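**Q** Starting from these lines, generate the structure:
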Amino acid sequence: MKALSSMATRALLADLATAAAEAGLPCAEIESVGGVDAARRVAAGEQLDLVFLASGALQELADHGHVAASSVTPLVLSRTAIAVRSEGSREASAPAVHAFDDAAGVRAALRNAGRIGYSTGPSGTAILRQIDDWGMAGELRGRLVQARPGMPVARLVADGEVDVGFQQLSEMVGQEGIRILGALPPDCAIDTVFAGAVATTSTDPAASRAALSFFASDAVVSIKDAHSFVHPPRPSLKSR
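**A** As a prediction, this is how the structure comes out:
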């Protein structure tokens with residue numbers, strides 16, 4: 001089977017595919033690219049069996065008939081986290097951990113940060129919307145740095161290109177050179193549900209659905225936990 005995903009779930013999906021193969025299910029070859037590029041390729045009609053994206057992007061593809069609407073399956077919830085550099089001269093002036101106890105602390109940290117990194121994915125879109133909602137867009141203009149396609153925000157932080165970075169927690173865990181301060185506090189949390197669906201170009205929809213069902217099952221909860229995802233996605237949490 002051929003599958004396409006965004007970068008946020010690449011490591012998780014690799015482990016899920018291995019577990020599925022060990023359980024006797026068809027082997028899935030999963031390519032991970034930027035979410036925008038992935039959606040564009042699916043919409044262009046590329047032959048695929050499974051697609052894994054943020055739920056909003058996947059639902060849009062379903063609305064246009066590019067994936068089977070009945071197959072759209074929420075898999076995990078990912079929290080957006082905050083990170084600073086773990087070593088070097090910049091850490092001395094980095095926002096303190098306690099600054100992020102609530103939205104007011106996040107706003108203060110943003111005002112104090114020289115440069116602020118964000119992603120090209122759904123968490124980046126959401127943090128920009130949050131900044132705009134707070135009325136801080138003008139104040140922070142010129143200090144916001146978007147990671148280049150395929151470049152983790154954690155790399156910008158570790159290399160000192162930004163002073164503080166926002167991205168999916170799953171993409172920050174295990175990255176060298178950064179200190180993860182935690183997920184955004186509840187009063188300004190940015191949570192993204194990632195889902196899977198069977199592409200309408202699938203050559204074996206039944207096998208694709210079977211693999212997707214396994215990816216959503218309780219049998220792989222420990223794998224999702226290991227990658228810092230929440231399973232199952234909790235509907236009470238805000239998904240953006």
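**Q** so how far is stretch 173-180 off the chain centroid?
**A** In terms of C-alpha atoms, centre = their mean, to the nearest Å, the centre of stretch 173-180 is set 16 Å apart from its chain centre.
**Q** Also stretch 119-134?
**A** Stretch 119-134 has its average C-alpha position 13 Å from the chain's average C-alpha position, going by C-alpha atoms, centre = their mean.
**Q** Give the next helix or strand downstream of the longest strand seen in the chain.
**A** Using DSSP state E to assign secondary structure, the strand with the most residues in the chain is strand 73-85. Per DSSP states H and E, strand 73-85 leads on to helix 103-112 as the next helix or strand towards the C-terminus.
**Q** I'd like the next helix or strand past that next one.
**A** The helix or strand immediately downstream of helix 103-112 is strand 116-118, counting by DSSP H and E.
**Q** Name the residues that touch the helix or strand harbouring Val36?
**A** Here Val36 is covered by helix 35-43, with elements defined by DSSP H and E. Residues outside helix 35-43 that contact it (C-beta atoms under 8 Å, 6 or more residues apart in numbering): 4-8, 33, 48, 51, 53-54, 57, 60-61, 64, 66-67, 120-122, 149, 199. For the C-beta atoms, the positions are set from N, CA and C on the backbone; glycine is no exception.
**Q** What subset of those residues is buried?
**A** 4-8, 33, 48, 51, 53-54, 57, 61, 66-67, 120-122, 199 (16 or more other C-beta atoms under 10 Å).
**Q** So which residue is dead centre in this structure?
**A** Taking C-alpha atoms, centre = their mean as the criterion, Ala8 is the residue nearest the geometric centre of the chain, at 3.9 Å.
**Q** for the closest residue to it other than its chain neighbours, what are its contacts?
**A** If you skip the residues right next to it in sequence, Ala8 has Gln168 as its closest partner in space, 4.7 Å away by C-beta to C-beta, 6 or more residues apart in numbering. Contact analysis of Gln168 by C-beta under 8 Å, 6+ apart lists 8, 78-81, 119, 121, 123, 192.
**Q** at 10 Å what do you get?
**A** Contacts were defined as C-beta atoms under 10 Å, 6 or more residues apart in numbering; by that measure Gln168 touches 6-9, 54, 78-81, 119, 121-124, 152-153, 183, 190-192, 194, 228-229.
**Q** Then Ser123?
**A** Listed by C-beta under 10 Å, 6+ apart, the contact set of Ser123 reads 8, 54, 78-81, 153, 166-169, 171, 184, 190-192, 240.
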